[in-house]
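S.K.: Sharing a sequence plus its predicted fold:
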Amino acid sequence: MTSTLLDDRRDACRALKALSKKYRLEVGAYGMDAIRTVLAGDRPDSEIVGYALDTLANICSPQVFTEEERPELGHECLLHVGEQFTEIFLKQSDGVSLVLSFLEEYDFKVRWPALKLLSALATNRLRDIQEIILVSPMGVSKLMDLLGDSREVVRNDTLLLLIQLTKGNANIQKIVAFENAFDRLFDIITEEGYSDGGIIVEDCLLLMLNLLRNNTSNQNFFKEGSYIQKLGPMFDLPQESNEDALWSPQKVSNIHCVLQVVRALVSPGSPGQVTLTCQYLLMAAGIVQALCRILMASGVPVDVLTEAICTVGESIRGNSANQEFFSTVLAPFTPPKEAIVVLLMSMVNEKQPFVLRCAVVYCFQCYLFKNETIQAQLVQTLLPSTTEVSNVTCGQLLCSGLFSHDSVSNWFSSVCLSHALIENPVQKEQLLRVLLAATAGNPPVSLLHQASLLLQQCGKVQSKVGLLMLLSTWLSHCPMAVKQFLSIPTAIPYLTTQAGSNERDENEELVQGLCAFLMGICVLFNNDSVASYTKENLRHLIGNRVGRENFVSKLSEVSRHEQYSKAAKQPQPRAANSEELLLDHEFCKLFKALEGMIIKAVTSSDGGPGGGGSGVVARYKDLIRDQDRRLAETQATVLRLQQEGAALESRLEEAAAHVARLTDENMLLRAQVGSCFNVYLFTIDKT
Amino acid sequence: MSYAYLFKYIIIGDTGVGKSCLLLQFTDKRFQPVHDLTIGVEFGARMITIDNKLIKLQIWDTAGQEAFRSITRSYYRGAAGALLVYDITRRETFNHLTTWLEDARQHSNSNMVIMLIGNKSDLESRREVKKEEGDAFAREHGLIFMETSARTAANVEEAFINTAKEIYEKIQEGVFDINNEANGIKIGPQHSPSNASLPPGSQSSSPSSGCC
């Protein structure tokens, strides 16, 4: 290797390469420095550089070669060999930039092994390689140029390397986007036949996903560059002639990936403005419509369907125009049914896959999110109407789910109904009007009454949690609902018993905590119209029967529950199995907002009106009134001062004019006096 | 809306000279007195008209802090225009211009149009750099020069548009190789023969670009 003759060195390198798999340890330990010298010094000879790079790629490879397995060496100790050599290679600072520079060589013998070596290094030490590439001039540019390489293997390996390098590094993501990555990727996707293309399409989409996820700058660039429209053809599904051919495993993966790309653009975690514009553009490009067609098509594999439902959800979430559109989508049945009704039918159907049912709940939540009209429409389907409706409605499906024997359906339906009430005081009162036909001969019962009876009778934690969340959402900020609830004779005794119970089981404690929370809401939003359960009475009841400290600790059981932090993180319910489905995202928000107020209302020692919830409200009202008064006063003062200012100014002007006039007069007089004096002198002179 | 040309810009200069505010004033027509430090780079875009042709500007606003310098260098090569900004109320930001210019010249393509901008012209009472000095520096280094105020929007439009005009003229003169995207210039979809396969109407307008 140290021979002065190039030919000899080249032969040595060829030999090293041949040995570098079987005797990787030895080649790495004794050869690393020599190889590095070759890389630095023998640049013009592509053959020797190729051998050197290949050898390095082998010794740094994260995989264990079959050739190197030896009985005396355990598989374990071979596992980290590549990683250790990577570390050694990275110790000398210029190593990686040297390898990067070989990417510029067009010769396949050099370019390809350089690429492989970089990929091995990145697998072993991603953070280090990312940092080095960021600071090496044109590092990313050189890689991007390789995406246009006509040799497919180079192009594909570059793609894989870029997927690695863009992982979790926003700066690299932005540079890659700046270097026209989206154009390159769409070129490849188009060339390969969109979603019918091979794994290369999937790789392109994975890179796209890396560039867009949680990267607002790139999302902006993507929408401004009209790339959303370019996603359109990905969703073109051929006519369903042969379903097996239609949904090959590769096609499933491709569609799955492109759905995630869409979701990255409209993720609820992104800044609202970006999401809204992207939602608008997805609609304008016909992509929301195409997604709805996938939802209603037959033979779509469950995982594609599930992801498509979530994607539709996020493409309409909080965007009234898109939500409006979704409410008009019809499923191809005879007679046609609303798509949303069909989806809800699957949700309350035990036989459907759990993941699919979860996706429907999420989509339904998105459909209701911040849209009072849609919320009202849903509640409307439950109210007694004069016209007889022959079709099944959303409201009916949710009620049937609420009273079903399947606890998952109970939970889903409770949560869906609660989402029709979020931040909507009108619908909270409207829903109070809903009556359910009871058994023959008995008078109809209100939905609220029925829900609280169900809570008391039902034995399953999941159903109870669902109902408690529904009731809490319903009663919060709605004294009229609290009043109706308190009028149910068994309601408060039940809650008191639960909140005061000391049964120890993780999920029982959650139920007890939620019962305490609901009681707290009854205190907080109580307008003292039910004589036996006035705010004051309830406070005493909690003090005597539950104990104030115990009440507070029961409340904290809710936020301490492991599902609470999971649910609080993101709107989409993400439960691995049906037992994990307990707390809802929006409910967690409500809980967080009210917990402190409830503790204050229940535990404050003074019994006066100031201690209760309405006391707090009254205090704030007073405060606001006071501030209003002061604001009005200040405005009056400002106005007065302005007027005074204007008056003073005009007087100042007058005075200035006066002074000017006086000055003029003065000058005139002086001039007259002067001329008089002159005349006088003249006269004297003459005389 | 489809454009005739797309130009890529970068905005560079010391930290706190108002680069992000200039971009915000240009794209959103608003001023944000308290602005977070830019981390790495941020993207903004707007459509303008020159010579009756729609031109899309894609602008990368870079972080001025030294720590990000090596990252922001990656953006020089692919840009057609650069706004080099200093703060007229802080002399040191003017003194650093030479370093910025060397950096830009070294890493960019030689045809990149550079516009020198003295920002914060509304703060006349705190001025430390005379307009004549900016003028002289620009003349010496062959740059276009303007004083702007991101707060009052004075000259902000002009700064971005004049840079685009200069690039446009260079294209007309044939200085730029417009088929090489590495120059930071792209020909619009319906103007370029290579994109003829694109179905008509697939370029539906976006609300944010349509308004401009």
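M.R.: That came in fine, so what should we check first?

S.K.: pLDDT-wise, which helix or strand of chain B ranks last?
M.R.: For chain B, counting by mean pLDDT, DSSP states H and E, helix B:207-210 ranks last in confidence among helices and strands (a mean of 40).

S.K.: So which bits of the longest helix seen in chain B are buried?
M.R.: In chain B, with assignment by DSSP state H, the single longest helix is helix B:156-172. Of the residues in helix B:156-172, those buried under the neighbour-count criterion (16 or more other Cβ atoms under 10 Å in any protein chain shown) are B:156, B:159-168, B:170-171. All C-beta spots, glycine's among them, are computed from the backbone N, C-alpha and C.

S.K.: show me which of those residues neighbour chain A.
M.R.: Filtering the buried residues of helix B:156-172 for proximity to chain A by Cβ under 8 Å from any Cβ of the partner chain leaves nothing.

S.K.: where does the stretch 401-550 of chain A have low pLDDT?
M.R.: Under the criterion pLDDT under 70, the flagged ranges of the stretch 401-550 of chain A are A:438-440.

S.K.: Now do the strands in it.
M.R.: A:435-436, A:445-446 (DSSP state E, counting those that start in this stretch).

S.K.: which residues does the residue nearest the centre of chain A contact?
M.R.: Closest residue to the average C-alpha location of chain A: A:G269 at 2.7 Å, with Cα atoms, centre = their mean. For A:G269, the contact set (Cβ atoms under 8 Å, 6 or more residues apart in numbering or on different chains) comprises A:N214, A:Q570.

S.K.: what about it, is that helix, strand or coil?
M.R.: coil (DSSP: H, G, I helix; E, B strand; the rest coil).

S.K.: Grab the nearest non-local neighbour of A:S195.
M.R.: A:N254 (4.5 Å; Cβ to Cβ, 6 or more residues apart in numbering or on different chains).

S.K.: what number of residues lie near the one you found?
M.R.: Around A:N254 sit 27 other residues, with neighbours defined as other Cβ atoms under 10 Å in any protein chain shown.

S.K.: elements contacting the strand or helix carrying it?
M.R.: Here A:N254 sits within helix A:249-265, counting by DSSP states H and E. Packing partners of helix A:249-265 (3 or more Cβ pairs under 8 Å, 6 or more residues apart in numbering or on different chains; DSSP states H and E): helix A:199-212, helix A:216-224, helix A:227-231, helix A:272-284, helix A:287-296, helix A:302-316.

S.K.: Among those helices, which comes closest to A:E47?
M.R.: With Cβ to Cβ as the criterion, A:E47 lies closest to helix A:199-212 of the helices and strands packed on helix A:249-265, at 29.8 Å.

S.K.: what about that closest one, average pLDDT?
M.R.: The average of the pLDDT scores along helix A:199-212 is 97.

S.K.: could you redo the strands of the stretch 401-550 of chain A as JSON lines and give each row distance to A:K569 and mean neighbour count?
M.R.: JSON lines is the format used below for these (distance: least, Cβ to Cβ, whole Å; neighbours: other Cβ atoms under 10 Å in any protein chain shown):
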{"stretch": "strand A:435-436", "distance to A:K569": "36", "mean neighbour count": "16"}
{"stretch": "strand A:445-446", "distance to A:K569": "35", "mean neighbour count": "17"}
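
S.K.: Excluding chain neighbours, what is closest to A:D42?
M.R.: A:I48 is the one closest to A:D42 (Cβ to Cβ, 6+ apart), at 4.9 Å.

S.K.: Contacts only, for that neighbour.
M.R.: A:L6, A:R9, A:R10, A:C13, A:V38, A:D42.

S.K.: Is it correct that the first one is in contact with A:D45?
M.R.: Yes - shown here, A:L6 and A:D45 form a contact pair, counting by Cβ atoms under 8 Å, at 6.2 Å.

S.K.: what residues does the stretch 251-400 of chain A put near chain B?
M.R.: Applying Cβ under 8 Å from any Cβ, we find that the stretch 251-400 of chain A lies next to chain B at A:T277, A:Y280, A:L281, A:A284, A:A285.

S.K.: Buried ones from these, can you make that a ChimeraX selection?
M.R.: Only the buried entries of those go into this ChimeraX selection, using 16+ other Cβ under 10 Å:
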select /A:277,280,281,285
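
S.K.: okay, and for the chain, where does confidence drop off?
M.R.: As the question left the chain open, I've gone with chain A. Residue ranges of chain A with pLDDT under 70: A:1, A:238-245, A:386-390, A:438-440, A:605-615, A:677, A:679-687.

S.K.: You answered for a different chain; I wanted chain B.
M.R.: B:1, B:190-212.

S.K.: how about the residues of chain A near chain B?
M.R.: Residues of chain A lying near chain B (Cβ under 8 Å from any Cβ): A:134-135, A:137-141, A:170-171, A:174-175, A:178-180, A:183, A:190, A:217-218, A:220-221, A:223-226, A:229-230, A:232, A:277, A:280-281, A:284-285.

S.K.: Can you go through these and name the buried ones?
M.R.: A:134, A:138-141, A:170-171, A:174-175, A:178-180, A:217-218, A:220-221, A:223-226, A:229-230, A:232, A:277, A:280-281, A:285.

S.K.: ok, and what's touching the longest helix of chain B?
M.R.: B:5, B:7, B:9, B:22, B:25-26, B:46, B:48, B:50-51, B:53, B:55, B:57, B:59, B:80-81, B:83, B:111, B:113, B:115, B:117, B:144, B:146, B:148-150, B:176, B:178, B:185.

S.K.: Quick check: the residue nearest to A:D42 vs A:A12, distance?
M.R.: 9 Å (Cβ to Cβ, to the nearest Å).

S.K.: Next: A:K91.
M.R.: 23 Å.

S.K.: what do you get for A:D157?
M.R.: 27 Å.

S.K.: related to what we said a few turns ago, you'd agree the residue nearest to A:S195 is up against A:E202?
M.R.: Yes - the criterion here is Cβ under 8 Å, and A:N254 meets it with A:E202 at 5.3 Å.

S.K.: if we can go back for a sec, moving C-terminal of the longest helix of chain B, what's the next helix or strand?
M.R.: strand B:185-187.

S.K.: So what touches that next one?
M.R.: B:A4, B:Y5, B:L6, B:F7, B:K8, B:A80, B:I167, B:I171, B:F176, B:I178, B:N179.

S.K.: Can you name the residues that contact the last one?
M.R.: Under the criterion of Cβ under 8 Å, 6+ apart, the contact list for B:N179 reads B:I187.

S.K.: Let me see the backbone angles for it.
M.R.: B:N179 adopts backbone torsions of phi -90, psi -10, taken as degrees, to the nearest 10.

S.K.: and if you look at the third one?
M.R.: Summarising the backbone geometry of B:L6 under the convention degrees, to the nearest 10, its torsions are phi -120, psi 130.

S.K.: And it, how close does it get to chain A?
M.R.: Distance, B:L6 to chain A, by Cβ to the nearest Cβ, to the nearest Å: 8 Å.

S.K.: Identify the residue spatially nearest to the residue of the stretch 1-150 of chain A found nearest chain B, adjacent ones excluded.
M.R.: Nearest residue of the stretch 1-150 of chain A to chain B: A:V135, at 4.2 Å (Cβ to the nearest Cβ). Nearest non-adjacent residue to A:V135, counting by Cβ to Cβ, 6+ apart: B:S70, 4.2 Å away.

S.K.: Pull the number of nearby residues for that neighbour.
M.R.: The burial count for B:S70: 15, using other Cβ under 10 Å.

S.K.: Quick check, it in contact with A:I133.
M.R.: No - counting by Cβ under 8 Å, B:S70 sits too far from A:I133 to count as a contact (10.5 Å).

S.K.: what packs against the top helix by length along chain A?
M.R.: Longest helix in chain A, counting residues (DSSP H): helix A:613-686. For helix A:613-686, the elements it packs on are helix A:585-603, judged by 3+ Cβ pairs under 8 Å, 6+ apart.

S.K.: tilt between the helix it packs on and helix A:613-686?
M.R.: 90 degrees (axes from the mean of the first three to the mean of the last three Cα atoms, to 10 degrees).
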